[in-house]
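Asker: coords please:
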Amino acid sequence: MDKKGDYMYGILLYLILGVLVLAISIFFIYQEFWVGDEGDKEVCWQSVQLRATLPDSGLGADELEFKSSFPLKCKTMVVEVSEADVRNVKVAQEKIAESMAECWNLYGNGDLNVFPAKFFKSSVCVPCARIHFTDEAKKYARDNKVEINIKDALDLKMKEGFTYYSYLQDSGKSFSALNFGNAVPFNLNGEDFSVESKKWDWASVDLVNRANGVTFEAKMSSINVSLPERFNIDEGDLMINYGVVAGIQLVVGESKGFGEYVPYLFYFQSGQKDDSFKEVQNNFIFSPSASFWEFLQLKNWIEYEKRVDEIESASVGFCDEWEGIPG
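Answerer: The predicted structure follows:
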């Protein structure tokens with residue numbers, strides 16, 4: 001194709017994208033005015049589906065990141081656990097496990113590419129649900145020493161006959177919910193949520209896309225991610241979250257599907273001893289290219305000594321940013 005043909009092709013592409021953007025804009029305006037609170041889940045699902053169909057530039061250029069032009073219309077769902085639920089502890093556990101399954105399912109069991117890939121890898125997290133125990137439920141649990149075991153909740157069976165844990169691990173074609181890149185399994189026996197990372201220290205792992213067998217060697221700042229085994233009634237609500245690491249640097253050879261994102265599911269209590277919202281900022285994947293870029297911006301060695309932590313923290317955090325609507 002000659003240069004003139006390339007130019008015309010480019011114009012046609014942008015016209016098509018322009019029409020697509022206009023159509024989606026009209027759709028969201030319609031939803032904003034005509035859908036009430038009862039339709040929150042439906043609006044969220046539709047926004048996820050639409051965003052997943054938007055193209056990614058593959059160049060990391062902000063002006064070409066069509067996905068980020070349309071924020072997710074996802075409100076954190078508040079799931080209330082009553083005293084009656086705690087009296088029959090299985091009901092309380094089912095509410096927790098079901099919220100996790102719904103969160104994973106919302107994003108196509110991890111198979112929907114909803115978040116834009118940037119030049120340097122980054123992570124985005126979305127709070128799907130907030131499990132709230134009423135005061136009466138807490139009092140009953142405290143007085144009667146009722147244990148709400150989250151790990152046991154995942155072993156409960158769904159209507160389809162398999163366990164919630166099996167669903168979270170096996171339903172996605174490409175990735176598991178609680179095993180990052182099918183290579184870094186999360187510890188489900190933790191006392192609290194934690195991301196244990198060390199400065200300038202990392203482990204090499206082979207992340208695997210089980211759908212096509214493609215592997216990618218990643219340098220992990222942390223391979224020790226712990227999730228709370230039990231719900232502590234004195235440590236606040238339980239937050240169920242969906243996370244994604246995205247970046248064009250993950251593209252391997254000619255395989256396009258794997259490199260754009262690696263999804264995961266995690267949960268924590270909002271009032272745990274170590275601030276959970278600070279814990280998610282800990283380094284997760286070490287990005288040599290991002291750190292090298294920061295290093296190139298330095299003017300002298302003295303400045304390096306002052307900014308050594310900042311350079312290292314150019315790595316990807318467990319959650320670099322949050323999207324969604326608080327509930």
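Asker: Let me know the pLDDT of the nearest residue to K273 once chain neighbours are set aside.
Answerer: Spatially, and ignoring its direct neighbours in sequence, K273 is nearest to D192 (6.3 Å; CB to CB, 6 or more residues apart in numbering). The C-beta positions use only the backbone N, C-alpha and C, and glycine is treated the same way. D192 carries a pLDDT value of 97.
Asker: isn't there a helix covering D192?
Answerer: No - per DSSP: H, G, I helix; E, B strand; the rest coil, D192 lies outside any helix segment and is coil.
Asker: Run a quick check on it versus D275, I expect a contact.
Answerer: No - the pair D192 / D275 is not scored as a contact, 10.4 Å apart, by CB atoms under 8 Å.
Asker: Same drill for those two, tell me which one is more crowded.
Answerer: Legend: neighbour count by other CB atoms under 10 Å for D192 and D275, higher for D192 (18 against 12).
Asker: And the strands in the stretch 151-300 of the chain, which stretches?
Answerer: 179-180, 184-185, 187-190, 194-196, 203-208, 215-220, 224-228, 230-231, 238-246, 261-269, 283-286 (DSSP state E, counting those that start in this stretch).
Asker: so where's this protein uncertain?
Answerer: 1-38, 56-66, 118-120, 198-201, 248-260, 287-314, 326-327 (pLDDT under 70).
Asker: quick one, longest strand in it?
Answerer: strand 122-133 (DSSP state E).
Asker: C-alpha coordinates for it, PDB please?
Answerer: In PDB, the C-alpha atoms belonging to strand 122-133 read as follows (Å, rounded to 0.1, in the frame of the first residue of the first chain):
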ATOM      1  CA  SER A 122       0.700  -0.300  35.700                       C
ATOM      2  CA  SER A 123      -2.000  -1.800  37.900                       C
ATOM      3  CA  VAL A 124      -5.600  -0.900  38.300                       C
ATOM      4  CA  CYS A 125      -8.000  -2.200  41.000                       C
ATOM      5  CA  VAL A 126     -11.800  -2.000  41.300                       C
ATOM      6  CA  PRO A 127     -13.800  -2.500  44.600                       C
ATOM      7  CA  CYS A 128     -16.600  -4.900  43.600                       C
ATOM      8  CA  ALA A 129     -18.300  -5.400  46.900                       C
ATOM      9  CA  ARG A 130     -18.200  -4.400  50.500                       C
ATOM     10  CA  ILE A 131     -19.400  -7.000  53.000                       C
ATOM     11  CA  HIS A 132     -21.000  -5.200  56.000                       C
ATOM     12  CA  PHE A 133     -21.900  -7.000  59.200                       C
END
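Asker: and it, which strands flank it?
Answerer: strand 77-81 (parallel), strand 238-246 (antiparallel), strand 321-322 (parallel) (DSSP bridges).
Asker: got the contact list for D40?
Answerer: By CB atoms under 8 Å, 6 or more residues apart in numbering, D40 lies in contact with K75, M77.
Asker: switch to 7 Å and redo it
Answerer: K75 (CB atoms under 7 Å, 6 or more residues apart in numbering).
Asker: what comes up buried for the helix or strand hosting it?
Answerer: Element membership for D40 (DSSP states H and E) is helix 40-53. For helix 40-53, the neighbour count (16 or more other CB atoms under 10 Å) marks D40, V43, C44, W45, Q46, S47, V48, L50, R51 as buried.
Asker: so that helix versus strand 122-133, what angle?
Answerer: 170 degrees (axes from the mean of the first three to the mean of the last three CA atoms, to 10 degrees).
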